[in-house]
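>>> structure here, sequence nowhere to be found:
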């Protein structure tokens, strides 16, 4: 019995040193029978630091879906003041916010490389004075994200609001 317990302890320690935890949490119950994770993130942030944080978590979510055998089908819909933070024009921001804007740009580039679709609301760009020609690469202007969110939800996408 001592030998079996010792072997079990040795196996658990070996897995832990390899980065594998025997009791690591999963989303198995929620993902049972799910082959594709169809989600739209409705991004309407007012703070660059928070938008950068949420984009980092969205990147992690993409990885978590993939790691758990679910194909991510993600869309980022930027609206409201968030459209100001996805532009190459930084004149409206303080120098202290540039690090967060750099992080936003980095996260967007990484998500674009993973095939995540990104769009920006033209109503918001007009209201906040953002030139759609200066949107970060990979972000497509759409006429109205309220309309596109309605369409995506009708197509079966989960809509996750991030404000």
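Sure, I can see it. Quantities reported herein were computed from a predicted structural model and do not represent experimental measurements.
>>> scan this structure for its longest helix.
As assigned by DSSP state H, the longest helix anywhere in the chain is helix 48-67.
>>> and it, what's buried?
48, 51, 52, 53, 54, 55, 58, 59, 61, 62, 64, 65 (16 or more other Cβ atoms under 10 Å). (Each C-beta comes from the backbone N, C-alpha and C, glycine too.)
>>> let me see the mean pLDDT of it.
Averaging pLDDT along helix 48-67 yields 98.
>>> give the other helices and strands that that helix contacts.
Using 3 or more Cβ pairs under 8 Å, 6 or more residues apart in numbering; DSSP states H and E, the elements in contact with helix 48-67 are strand 36-43, strand 71-78, helix 98-113.
>>> after the last one, next one along is what?
Elements were assigned by DSSP states H and E; along the chain past helix 98-113, the next helix or strand is strand 117-121.
>>> who does that next one pair up with?
strand 71-78 (parallel), strand 139-142 (parallel) (DSSP bridges).
>>> tell me the mean pLDDT for the shortest one?
Averaged over strand 139-142, pLDDT sits at 98.
>>> with stretch 76-86 instead?
98.
>>> then stretch 148-163?
Across stretch 148-163, pLDDT averages out at 97.
>>> endpoints of it, how far apart?
Terminal residues of stretch 148-163 are spaced 18 Å apart (Cα to Cα, to the nearest Å).
>>> distance check, the spatially most central residue of the chain against residue 74.
Most central in the chain under Cα atoms, centre = their mean is residue 58, positioned 2.2 Å from the mean C-alpha point. Residue 58 sits at a distance of 7 Å from residue 74 (criterion: Cβ to Cβ, to the nearest Å).
>>> which residues are common contacts for these two?
41, 111, 116 (Cβ atoms under 8 Å, 6 or more residues apart in numbering).
>>> list just the nearest of the residues you listed to residue 154.
residue 41 (17.2 Å; Cβ to Cβ).
>>> hmm, residue 81 and residue 128 touching each other?
Yes. With contacts counted by Cβ atoms under 8 Å, residue 128 reaches residue 81, the gap being 6.3 Å.
>>> just how off-centre is the longest helix of the chain within its chain?
4 Å (Cα atoms, centre = their mean, to the nearest Å).
>>> before we move on, what about stretch 28-41?
15 Å.
>>> repeat for stretch 43-50
13 Å.
>>> contacts for it?
By Cβ under 8 Å, 6+ apart, stretch 43-50 touches 51, 54, 76-82, 85, 93, 97, 100-101, 104, 161-163.
>>> how about stretch 130-139?
78, 83-84, 86-89, 105, 108-109, 112, 118-120, 122, 124-125, 141.
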